[in-house]
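> I'll drop the sequence and a predicted model, then ask my questions.
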Amino acid sequence: MRLLLVLSSLALINCGPAGRDRPGGNGGADGNNSVGGDGNNGCSDAAKLIYVVDQNDDLSTFDGSSKSFHTLGALTCNASSGATPFSMGVDRNANAYVLYSSGELFKVDTTQASLPCTKTPWSTQLGLQQFGMGFSTDTAGGTTDTLYIAGGSTVMGTTSMLAKLDITTFHATQLGTVTGWPELTGTGNAELWGFFPDASAPRVEKLNKASGVAATTYPESSIAGTPSAWAFAFWGGDYWIFLMKDFELSTTVYQVDGTNGTIKSTTPASGRTIVGAGVSTCAPVVIL
């Protein structure tokens, strides 16, 4: 997700045992025992990857094990003149839903080398023109999921609306309000998490999917700074923040421990300004 006007001056490992405790938990849809994508739930290898898009339309994968990027190619979405990618979510079929700064939403088939891009019927509803997004399973360990979005008409707002978006009808339903402007990621455990960038008090937060109320909060003061581009994903039991701030020239990737919110590693994404990240609910929950 890009904040406008701020900078004017694999080897994938299949999911491990479902009993690894996650923050806050006792299992179930609001608990935190690790469940999610594995080889037995219809997930392809492509659906288990982290995908990122930068402001220049380049789509890549990011391998959390090797901390490396692999460029897939440039998107050819027929967005309005001057529009750039703003956010992205990925479904269980490895389709990327890419929102542009114009409010246009495109579906990209990441499994095809040509990255075919189709404009969806989405048009701005409920004032939701720009928003972060992430899929979350409807039940813990389930194989159906819902796309959650949080945003509004401008990223300069102090609050954003939480809604769910039906990707069949492209109708949005309002759920609640959150303080700040997050990027979202979901999990195969039916959880929804957000990264809230901030000049002084950034945070990673688990959100109640029905209301947007915070259930768990991890302060991330060590990465405070005026944000210019940010994205967020869950993978391998941890959270991955893609952030460019202050006068930085490219994104840095921060690996956030899924059990306590501490920063485990940092990886420079030299030459990339990442504005969207997406990972499906097939993502592995443990790196063996």
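Arrived safely. Numbers count the residues shown, from 1 in each chain.
> For residue 253, list each beta-bridge partner.
residue 242, residue 267 (DSSP bridges).
> That one is in contact with residue 238, isn't it?
No. Between residue 253 and residue 238 there is no contact under Cβ atoms under 8 Å: 11.1 Å. In short, each C-beta sits where N, CA and C put it, glycine included.
> who's more crowded, these two?
Taking other Cβ atoms under 10 Å, residue 253 and residue 238 do not tie; residue 253 has more neighbours (24 against 19).
> got the contact list for the more buried one?
Shown in contact with residue 253 (Cβ atoms under 8 Å, 6 or more residues apart in numbering): 62, 67, 240-242, 266-269.
> now it: how far from residue 275?
Applying Cβ to Cβ, to the nearest Å, the value for residue 253 to residue 275 is 14 Å.
> do the same with residue 59
11 Å.
> again with residue 231
From residue 231 over to residue 275 (counting by Cβ to Cβ), the distance is 6 Å.
> Ranking by neighbours, what's the top pick from the contacts of residue 253?
Highest count within those by other Cβ under 10 Å belongs to residue 242, 28 neighbours.
> Neighbours of residue 83, how many?
Counted by other Cβ under 10 Å, the residues lying close to residue 83 total 15.
> Please report phi then psi for it.
phi -80, psi 140 (degrees, to the nearest 10).
> right, and it touches residue 104 too?
Yes. The criterion here is Cβ under 8 Å, and residue 83 meets it with residue 104 at 6.6 Å.
> ok, so of the contacts of residue 253, who is nearest residue 175?
Using Cβ to Cβ, residue 241 comes nearest to residue 175 of the contacts of residue 253, at 23.6 Å.
> Can you tell me how far the closest one is from residue 182?
Taking Cβ to Cβ, one finds residue 241 at 11 Å from residue 182.
> And residue 163, by the same measure?
As judged by Cβ to Cβ, residue 163 and residue 182 stand 13 Å apart.
> And residue 72, by the same measure?
For residue 72, the distance to residue 182 - Cβ to Cβ - is 26 Å.
> Please look at residue 185 and residue 134 and confirm they touch.
Yes. The pair residue 185 and residue 134 passes the contact test of Cβ under 8 Å, sitting 4.3 Å apart.
> which neighbours do these two share?
192-193, 232.
> Include distance to residue 170 and neighbour count when you put those residues into CSV, please.
Formatted as CSV, the shared contacts of residue 185 and residue 134 follow (distance: Cβ to Cβ, whole Å; neighbours: other Cβ atoms under 10 Å):
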residue, distance to residue 170, neighbour count
192, 20, 26
193, 24, 26
232, 23, 29
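> Which members of the residues you listed are positioned in helices?
Using DSSP state H, no member of the shared contacts of residue 185 and residue 134 falls in helices.
> Which of those sits closest to residue 111?
residue 232 (23.0 Å).
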